[in-house]
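K.L.:
Need coordinates for the below:
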Amino acid sequence: MAPVLSRSLATPSLASLPLTNPNKAFNLRSAFLPRNGLNKAFSCTGLRWKFEKRNNRIAVRCEASAVAEKEAEETSGEKFEYQAEVSRLLDLIVHSLYSHKEVFLRELVSNASDALDKLRFLSVTEPSLLGDAGELEICIKPDPDNGTITIIDTGIGMTKEELVDCLGTIAQSGTSKFLKALKENKDLGADNGLIGQFGVGFYSAFLVAEKVVVSTKSPRSEKQYVWEAVADSSSYVIREEADPEKHLHRGTQITLYLRSDDKYEFSDPTRIQNLVKNYSQFVSFPIYTWQEKSRTVEVEEEETPKEGEEEKPEGEKKKKTTKTEKYWDWELANETKPIWMRNSKEVEKDEYHEFYKKTFNEFLDPLGYTHFTTEGEVEFRSVLYIPGMGPLNNEDVINPKTKNIRLYVKRVFISDDFDGELFPRYLSFVKGVVDSDDLPLNVSREILQESRIVRIMRKRLVRKTFDMIQEISESENKEDYKKLWENFGRFLKLGCIEDSGNHKRIAPLLRFYTSKSEEELTSLDEYVENMGENQKAIYYLATDSLKSAKTAPFLEKLVQKDIEVLYLIEPIDEVAIQNLQTYKEKKFVDISKEDLELGDEDEVKERETKQEYNLLCDWIKQHLGDKVAKVQISKRLSSSPCVLVSGKFGWSANMERLMKAQALGDTASLEFMRGRRILEINRDHPIIKDLNAACKNAPDSSDAERAVDLLYDTALISSGFSPDSPAELGNKIYEMMAMALGGRWGRSEEDEVEASEVSATETDTSAVEGLETQVIEPSEVMTEDDPWQD
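P.N.:
Take a look at the predicted model:
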């Protein structure tokens, strides 16, 4: 309580209480006053209280200043600075920040690019800084023999003080200080392509190097200095370069002495060139690597005279021949330019195609592309492509880590390993580059940190992708979208399942075969446009093939009424449509399920028909038992005698077939989710009329009961279900065939048939018993022209 009061009562406070009778004792009770009465002063709860009598009033004064002083003395203390073990800190920076050793080259090239950028900017006001030191460029020279890598830039270089400040101070970025100075001068917009942020990228060199030597010459200093450090050490050495042969005109030279286990990998010129092309392909300065090349040269062939021949005179021309010789020379590694940095109106179509092929190692032109710049809360540039060919491996459909999106920050490659952060799984086939100047990365530049920023980027990339696909679908060249749908239609259908927020964008892109268009794919827009005035739903049928869809009994009435039906023939189709539910306020209706309403029913006629065939339906249901939930008159049949439909809330026949085929399917859930089966009969078919007569005249007839069983099993197959016992169904068919074919073509009497069957059986038995097994050794099996025989 005292500290709180000491803050509020820092100055003496005064409170007065009235005295109604001055001659009478005053009894004052308070938690702040002592029980032994009032004195002139007392201390309580760390405060000093005084009482005074003024004009028949008692004044209570609280002096808290002493308490406040005492509290200040307790809170003040000696100030200390944090200490760090430098070698341990360096070890953490080097071995904990980065996942891959190869990023050291990206970091050092980025530093070299920043040095060149600084020189270019400063030379605007100080042209003398450029001097005659040559072009602004970066050179990388691996030396496999000595196990070293040398990186040279002709940038701004460093003085001795800057070496101590930048390389000698961990986590201090020279680039960040430079940008801060520009910002203070309100001149940041003049140069915003600098890459460095954290001041630890240089130390990534110790990922692969056991010793690092930095030789640098600043145009503002006449001396050249050498900075040298060894891995796992807490100190470094700076000395002045005394060897005139090693003097630089301007810039920095970094030499890495590679560790023994990394020497062979990172001193290989081809490996270095591939790393430059992967990480620093689009750095704005030319990067040269030291490469082995070959060329063809002509040389004079020296002919030695044969015995007895005279030597040719010296003036006579000698015979020339060509041979291939190898040599070393500098080769430009980043010849591809960052096309996304240019205005889209200035880039030709051929340039986009060439960039796509070089960047993603493709040989086919893309089906479409989009180039855009996004500004606002997040600023980035991007070029996205629809590939000309789909993935050869079906696993790529469900694998979000396809490495198709390459993320750059200020033209430096960061990563292509995303687990759905920038693109959803169903759009993983899209290829492209995304470049931002202000992405929130962690220190290793490998992980995006702020999920909110990433969500905004993802939303805009997805929207632009849908705009690009929609543009292809509406173009005059219909073949392009046909190819797109053949290659990536499954991906878009997957989007119906996984991305409910983009249903309005996905649905117009879907294509299906229909009962009116069995050769050409139809869009949902075209289906709705062709709907009749009284049609209130979009009808579909899910089957395993286009042929089975065309001959399905569910279609008969709808085809007669000229109602179009969508054919869902791929496994993912039915689930995708069920997730869409509606399109343009039209519900999707499965015609293989119960309660199909076509909109032209005659209720009076239906009631009369139901009464007429009510006895037959009950008789069939009684015989089939639990195989069907009920038997009813069908509204969807015209030529077939019956059909087996599914209940409203269970799996359809197609879905049941797919779930049975699952490698890890659960039989318990299969029984639970399987929809109830309803047998619908066609009252106009002769078979149903015959069964109706049998029901009334001979309800106990075994032939009629066998006909009902066969009718059910046949409906099971024609409706897309799988019979529980195929062999039993086959026997029923054979039995019915025997009944139908018996004696039709004048066969022999039954006794003759039985006798022939018995004799045939005896003959077969004797033949089997008389047959002796002959064992043939492998060596005896030879042909006349056997090449292996002696």
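K.L.:
okay, CA-based contacts and neighbour counts for the rest of this
P.N.:
Fine.
K.L.:
Can you name the residues that contact Leu90?
P.N.:
By Cα atoms under 8 Å, 6 or more residues apart in numbering, the contact list for Leu90 reads 203, 232.
K.L.:
Quick check: it vs Ala694, distance?
P.N.:
95 Å (Cα to Cα, to the nearest Å).
K.L.:
now do Leu207
P.N.:
Going from Leu207 to Ala694 by Cα to Cα gives 90 Å.
K.L.:
ok, those two, which is more surrounded?
P.N.:
The residue with more neighbours, out of Leu207 and Ala694, is Leu207; 21 against 17, by other Cα atoms under 10 Å.
K.L.:
The more buried one contacts Phe104, correct?
P.N.:
Yes. Assessed by Cα atoms under 8 Å, Leu207 is found in contact with Phe104 at 7.0 Å.
K.L.:
Please identify which helix or strand holds Val433.
P.N.:
According to DSSP states H and E, Val433 maps onto strand 431-436.
K.L.:
before we move on, what about Cys496?
P.N.:
Using DSSP H and E, the element containing Cys496 is helix 478-498.
K.L.:
try Thr321
P.N.:
strand 320-332.
K.L.:
what lines up beside that strand in the sheet?
P.N.:
strand 287-300 (antiparallel) (DSSP bridges).
K.L.:
Give the buried residues for the strand it pairs with.
P.N.:
Neighbour counts over strand 287-300 (16 or more other Cα atoms under 10 Å) mark 287-291 as buried.
K.L.:
Of these, which is the nearest to Asp143?
P.N.:
Asp143 has its nearest neighbour among those in Trp290, at 9.0 Å by Cα to Cα.
K.L.:
I figured the closest one hits Tyr327, correct?
P.N.:
No. Counting by Cα under 8 Å, Trp290 sits too far from Tyr327 to count as a contact (10.4 Å).
K.L.:
Overlap of the contact sets of these two?
P.N.:
Common contacts of Trp290 and Tyr327 (Cα under 8 Å, 6+ apart): none found.
K.L.:
Buried ones in the strand holding Thr321, by neighbour count?
P.N.:
Going by neighbour count (16+ other Cα under 10 Å), the buried part of strand 320-332 is Glu331.
K.L.:
shift numbering so it begins at 2
P.N.:
Okay, using 2 as the starting number, the last item reads as strand 321-333.
K.L.:
Let's see whichever helix or strand comes after that strand as PDB, backbone CA atoms only.
P.N.:
Counting by DSSP H and E, the next helix or strand C-terminal to strand 321-333 is helix 350-361. Taking C-alpha atoms only, helix 350-361 is exported to PDB below (Å, rounded to 0.1, in the frame of the first residue of the first chain):
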ATOM      1  CA  LYS A 350       4.900 -12.200 -76.100                       C
ATOM      2  CA  ASP A 351       8.000 -13.900 -77.400                       C
ATOM      3  CA  GLU A 352      10.000 -12.500 -74.500                       C
ATOM      4  CA  TYR A 353       7.500 -13.900 -72.000                       C
ATOM      5  CA  HIS A 354       7.700 -17.300 -73.600                       C
ATOM      6  CA  GLU A 355      11.500 -17.200 -73.700                       C
ATOM      7  CA  PHE A 356      11.700 -16.200 -70.000                       C
ATOM      8  CA  TYR A 357       9.400 -19.000 -69.100                       C
ATOM      9  CA  LYS A 358      11.400 -21.700 -70.900                       C
ATOM     10  CA  LYS A 359      14.700 -20.500 -69.500                       C
ATOM     11  CA  THR A 360      13.500 -20.000 -65.900                       C
ATOM     12  CA  PHE A 361      11.600 -23.300 -65.600                       C
END
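K.L.:
Quick one: distance of helix 350-361 to the chain centre.
P.N.:
When distances are taken as Cα atoms, centre = their mean, to the nearest Å, helix 350-361 is centred 22 Å away from the chain's centroid.
K.L.:
for stretch 552-564, same thing?
P.N.:
Per Cα atoms, centre = their mean, the displacement of stretch 552-564 from the mean C-alpha position of its chain is 42 Å.
K.L.:
For it, give the mean pLDDT please.
P.N.:
When pLDDT is averaged along stretch 552-564, the result is 90.
K.L.:
end to end, how far does that stretch reach?
P.N.:
By Cα to Cα, the extent of stretch 552-564 from end to end equals 16 Å.
K.L.:
what's Ile141 in contact with, if anything?
P.N.:
By Cα under 8 Å, 6+ apart, the contact set of Ile141 is 150-153, 288-291.
K.L.:
tell me the secondary structure for the closest residue to Phe492 other than its chain neighbours?
P.N.:
Among residues not flanking Phe492 along the chain, Tyr427 sits closest, at 4.8 Å (Cα to Cα, 6 or more residues apart in numbering). Put simply, Tyr427 is helix when judged by DSSP: H, G, I helix; E, B strand; the rest coil.
K.L.:
was I right about Val629 contacting Arg678?
P.N.:
Yes. Counting by Cα under 8 Å, a contact exists between Val629 and Arg678, whose distance comes to 5.0 Å.
K.L.:
The two: who's more crowded?
P.N.:
A direct count of neighbours by other Cα under 10 Å for Val629 and Arg678 places Arg678 higher, at 22 against 18.
K.L.:
in the sheet, who's paired with that one?
P.N.:
As for beta bridges, Arg678 partners with Ser647 under DSSP bridges.
K.L.:
Contacts for stretch 284-294, please.
P.N.:
114, 117, 137-143, 270-271, 273-274, 327-336, 412-413.
K.L.:
Going along the chain, name the helices of the stretch 502-651 of the chain.
P.N.:
For the stretch 502-651 of the chain, helices defined by DSSP state H, counting those that start in this stretch occupy the ranges 504-507, 525-530, 547-551, 557-561, 574-581, 604-613, 615-625.
K.L.:
would you turn those into JSON lines with distance to Asn362 and mean neighbour count?
P.N.:
Putting the helices of the stretch 502-651 of the chain into JSON lines (distance: least, Cα to Cα, whole Å; neighbours: other Cα atoms under 10 Å) gives the following:
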{"stretch": "helix 504-507", "distance to Asn362": "29", "mean neighbour count": "16"}
{"stretch": "helix 525-530", "distance to Asn362": "36", "mean neighbour count": "14"}
{"stretch": "helix 547-551", "distance to Asn362": "37", "mean neighbour count": "17"}
{"stretch": "helix 557-561", "distance to Asn362": "49", "mean neighbour count": "16"}
{"stretch": "helix 574-581", "distance to Asn362": "32", "mean neighbour count": "18"}
{"stretch": "helix 604-613", "distance to Asn362": "66", "mean neighbour count": "12"}
{"stretch": "helix 615-625", "distance to Asn362": "63", "mean neighbour count": "18"}
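K.L.:
Compare those helices and say which comes out lowest on pLDDT.
P.N.:
Sorting the helices of the stretch 502-651 of the chain by mean pLDDT places helix 604-613 lowest, at a mean of 80.
K.L.:
what packs against it?
P.N.:
If contacts are counted by 3 or more Cα pairs under 8 Å, 6 or more residues apart in numbering; DSSP states H and E, helix 604-613 sits against strand 631-634.
K.L.:
now the strand it packs on, how far from the centre of its chain.
P.N.:
Strand 631-634 has its C-alpha centroid displaced from the chain centroid by 49 Å (Cα atoms, centre = their mean).
K.L.:
And the contacts of it?
P.N.:
Residues outside strand 631-634 that contact it (Cα under 8 Å, 6+ apart): 610-611, 614, 618-619, 621-622, 678-684.
K.L.:
rerun at 6 Å
P.N.:
Outside strand 631-634, the residues that touch it by Cα atoms under 6 Å, 6 or more residues apart in numbering are 618, 622, 679-682.
K.L.:
got it, and stretch 461-470?
P.N.:
Outside of stretch 461-470, no residue comes within contact range by Cα under 6 Å, 6+ apart.
K.L.:
Buried ones in it, by neighbour count?
P.N.:
Of all the residues in stretch 461-470, those buried under the rule 16+ other Cα under 10 Å are 462-463, 465-467, 469-470.
K.L.:
Can I get that stretch as CSV, trimmed to CA atoms?
P.N.:
Presented in CSV, the C-alpha positions along stretch 461-470 are these (Å, rounded to 0.1, in the frame of the first residue of the first chain):
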residue,chain,number,x,y,z
ARG,A,461,-4.1,-11.4,-54.7
LEU,A,462,-2.1,-14.1,-56.5
VAL,A,463,-5.1,-16.5,-56.5
ARG,A,464,-7.4,-13.7,-57.9
LYS,A,465,-4.9,-12.9,-60.7
THR,A,466,-4.6,-16.6,-61.5
PHE,A,467,-8.4,-16.9,-61.9
ASP,A,468,-8.5,-13.8,-64.1
MET,A,469,-5.8,-15.3,-66.3
ILE,A,470,-7.7,-18.7,-66.6
